[in-house]
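A.B. asks: A structural model of the following input is requested.
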Amino acid sequence: MRFDGTLKKWNAERGLGFIVADQGGQEIFVHISAFPRDGRLPAVGEPLSFEVEPDRDGKKCAVRIHRRGASQPTAAYAARSNVRRSSNAPYKSGIGGSLIAMVIVAALGWYGYTQYANRVAQSQEAPQSGFVMPAPGGFQCDGRKYCSQMTSCKEAKLFLRSCPGVEMDGNHDGVPCEQQWCTSPFAN
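C.D. replies: Numbering: from 1, shown residues only. From the prediction side, this is the model:
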């Protein structure tokens with residue numbers, strides 16, 4: 001319920017004062033936060049319209065004050081201004097924000113494509129690059145080229161026969177890893 005009254009006392013330093021209601025003459029506490037944010041400071045003797053609510057201590061205080069004679073804000077305007085004040089967004093996103101986002105996405109796409117293209121180019125180079133390459137007969141070379149990397153004589157022979165660049169046959173007699181895997185009579 002709205003009441004009419006007049007600002008009787010005002011302390012500008014502390015931002016508080018008292019309103020005297022036209023009905024009953026009772027003094028009601030008022031804080032600066034109850035006034036509209038229109039840039040005008042409250043003035044003693046100013047006619048006001050207000051609502052009354054209890055404060056934290058249960059005492060009556062004036063809230064939602066309107067200056068009499070000033071245009072009353074519409075409900076839609078009040079709702080918009082409350083949303084603006086309570087918004088946590090520091091700025092509005094517009095075409096600039098969208099443009100920046102598109103540039104970032106394009107840069108990430110370009111970077112990803114160049115990384116992919118470099119890896120494809122490396123995988124088509126020599127097997128020493130560490131990438132698995134298919135060899136004749138369905139066997140795949142995986143970059144191993146020394147006897148210490150093998151697990152059997154059979155595996156060493158397969159690598160020697162199928163993969164270029166292996167270094168397992170020091171005397172070039174066709175028998176790899178003669179000192180490690182292929183020396184026993186049971187070696188294949």
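A.B. asks: need the longest helix for this structure.
C.D. replies: helix 95-123 (DSSP state H).
A.B. asks: buried set for the helix or strand harbouring T6?
C.D. replies: For T6, the host element (DSSP states H and E) is strand 2-11. Buried residues in strand 2-11, counted by 16 or more other CB atoms under 10 Å: 3, 5, 7-8, 10. Glycine gets a C-beta too; all of them are placed from N, C-alpha and C.
A.B. asks: may I ask which helix or strand of the protein has the lowest mean pLDDT?
C.D. replies: Counting by mean pLDDT, DSSP states H and E, the chain has its least confident helix or strand at helix 75-86, which shows a mean of 44.
A.B. asks: tell me the spacing between the most centrally placed residue in the chain and H172.
C.D. replies: What sits nearest the mean C-alpha location of the chain, by CA atoms, centre = their mean, is A101, with 12.6 Å. In this view, A101 and H172 are 62 Å apart by CB to CB, to the nearest Å.
A.B. asks: residues contacting D4?
C.D. replies: 21-23, 47-49, 68 (CB atoms under 8 Å, 6 or more residues apart in numbering).
A.B. asks: which of those are buried? Put it as a ChimeraX command.
C.D. replies: Per 16+ other CB under 10 Å, the buried members of these correspond to this ChimeraX selection:
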select :21,48,49
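A.B. asks: list the contacts of the spatially closest residue to E27 that is not a sequence neighbour.
C.D. replies: Nearest in space to E27, with sequence neighbours left out and distances taken as CB to CB, 6 or more residues apart in numbering, is F18 at 4.5 Å. Residues near F18 by CB under 8 Å, 6+ apart: 7-9, 27-30.
A.B. asks: and of the buried residues of strand 2-11, the nearest to L108?
C.D. replies: W10 (58.9 Å; CB to CB).
A.B. asks: just give the closest residue to the closest one, not the sequence neighbours.
C.D. replies: Using CB to CB, 6+ apart, the nearest residue to W10 is G17, at 3.7 Å.
A.B. asks: partners of the helix or strand harbouring that neighbour in the sheet?
C.D. replies: Taking DSSP H and E as the criterion, G17 maps to strand 16-21. Applying DSSP bridges to the sheet, strand 16-21 is found paired with strand 2-11 (antiparallel), strand 27-31 (antiparallel).
A.B. asks: chain center to the first one, what's the gap?
C.D. replies: Relative to its parent chain, strand 2-11 has a centroid offset of 49 Å by CA atoms, centre = their mean, to the nearest Å.
A.B. asks: state the mean pLDDT of it.
C.D. replies: Across strand 2-11, the average pLDDT comes to 88.
A.B. asks: could you do the last one as well?
C.D. replies: For strand 27-31, mean pLDDT rounds to 90.
A.B. asks: got it, and stretch 112-132?
C.D. replies: 67.
A.B. asks: do the same with stretch 175-186
C.D. replies: 68.
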